[in-house]
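[1] this is a predicted model, with the sequence first.
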Amino acid sequence: MRAYLELLRDIRDHGVDRGDRTGTGTRSVFGRQLRFDLREGFPLLTTKKIHFKSVVNELIWFLSGDTNTRWLKENGVSIWDEWATEDGDLGPLYGAQWHAWPTRDGGSINQIDYVLDCLRNRPESRRILFHAWNVEYLPDESMTPQDNVAAGRMALPPCHLLYQFYVANGALSAQLYIRSSDVFLGLPFNIASLALLTHMLAQQADLSVAEVIVSLGDAHIYSNHQRQVETQLAREPGSAPTLAIGRRPDTIYDYRFEDFSLHDYDPQPPIPAPVAV
Ligand SMILES: Nc1nc(=O)c2c([nH]1)NC[C@@H]1CN(c3ccc(C(=O)N[C@@H](CCC(=O)O)C(=O)O)cc3)CN21
Ligand SMILES: O=c1ccn([C@H]2C[C@H](O)[C@@H](COP(=O)(O)O)O2)c(=O)[nH]1
């Protein structure tokens, strides 16, 4: 995860100070890429403790097509609460677009099924991707997340929005485009989630794993994360943990948190930071 720490340093030392939608203020750079080799370990930050349960359960929740925070809360995950309505609704965001992209005849397309079909039957295809940028349902930036949900739109537009896969020598690689990245809070989650999804798809398609790559558009540090960034940069990274998957579920939709275990994850303490809403 040294590449991640270098990105924090790059933004701190070379970024431009800009205002943003949340009114918090950011320092940012535009267009960066980080690569992690899954054969060398699971890319989970060691310079602060990451709540792995939130990463796993959020991904299971996305894959199920759920867009209400109820199940997340029941399963110990609170990272989406600030954007939900009183009833827990978030509008048709990630889960809806991944699992049930709406079609003009009132039906839906499961993009995850499409990806698995490609991985199993056309692994050399250059079209193995899914995305969540469904323009019809993007929120109106002048309205609150909750008002957007009430109007049938997403609470937030997708940040991690396009996932592409590549198979070579029986090994799966993935690249994710993130248009806007909260590098201190969101990015460690996004990297771990991409790695986890790659392991799950590989298991389901009888492939091994190779690399994950994240490509970033606006990569920013919020002004109220500066102190936390310094704390983190002063820490020495440890070795990467490894991921084990305890069984092979029948489908990509049948994974549970208990199926995953991390070995040798010995992180430094958490670094609390406020999330910009
Ligand atoms: N400003 C902002 N940053 C984000 O990363 C983000 C959003 N908004 N909106 C939508 C989702 C929600 N995500 C979030 C929200 C909160 C945390 C967070 O507070 N993480 C804490 C503890 C999390 C926990 O214990 O579960 C952390 O220290 O990592 C992380 C990702 C990622 N996304
Ligand atoms: O998975 C995620 C989701 C969200 N973020 C961050 C990136 C931005 O800081 C905000 C979204 O604000 P916009 O004005 O819509 O760009 O959330 C993330 O890093 N990762």
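    Here it is on my side, so go on. This is a predicted model, so every value here is computed, not measured. Ligands and ions are numbered 1, 2, ... in the order given.
[2] helices or strands up against the longest helix anywhere in the chain?
    Using DSSP state H, we find that the single longest helix of the chain is helix 186-204. Here helix 186-204 touches helix 2-14, strand 26-37, helix 52-64, helix 111-121, strand 160-168, strand 171-182, strand 208-222, strand 242-245, going by 3 or more Cβ pairs under 8 Å, 6 or more residues apart in numbering; DSSP states H and E. The C-beta positions use only the backbone N, C-alpha and C, and glycine is treated the same way.
[3] for ligand 2, which of those is the nearest?
    strand 171-182 (3.2 Å; Cβ to the nearest ligand atom).
[4] so what touches the closest one?
    119, 158-167, 187, 190, 194, 197-198, 201-202, 205, 207-220, 222, 275-276 (Cβ atoms under 8 Å, 6 or more residues apart in numbering).
[5] and ligand 2, which of those residues reach it?
    159-160, 187, 190, 276 (Cβ under 6 Å from any ligand atom).
[6] what's the burial count for residue 147?
    14 (other Cβ atoms under 10 Å).
[7] where does it land in three-state SS?
    helix (DSSP: H, G, I helix; E, B strand; the rest coil).
[8] please tell me how far it sits from ligand 1.
    16 Å (Cβ to the nearest ligand atom, to the nearest Å).
[9] what residues are bridge-paired with residue 164?
    residue 129, residue 175 (DSSP bridges).
[10] what pLDDT does it get?
    Here, the pLDDT recorded for residue 164 equals 99.
[11] hang on, isn't it packed against residue 128?
    Yes. Using Cβ atoms under 8 Å, residue 164 is in contact with residue 128, at 6.6 Å.
[12] the residue nearest to the spatial centre of the chain: what's its closest spatial neighbour, skipping adjacent residues?
    Centroid check for the chain by Cα atoms, centre = their mean gives residue 190 as the closest residue, at 3.0 Å. Leaving aside its sequence neighbours, residue 190 sits nearest to residue 160 (Cβ to Cβ, 6 or more residues apart in numbering; 5.2 Å).
[13] and the one you found, bridged to which residues?
    residue 178.
[14] count of neighbours near it?
    Count around residue 160 with other Cβ under 10 Å applied: 23.
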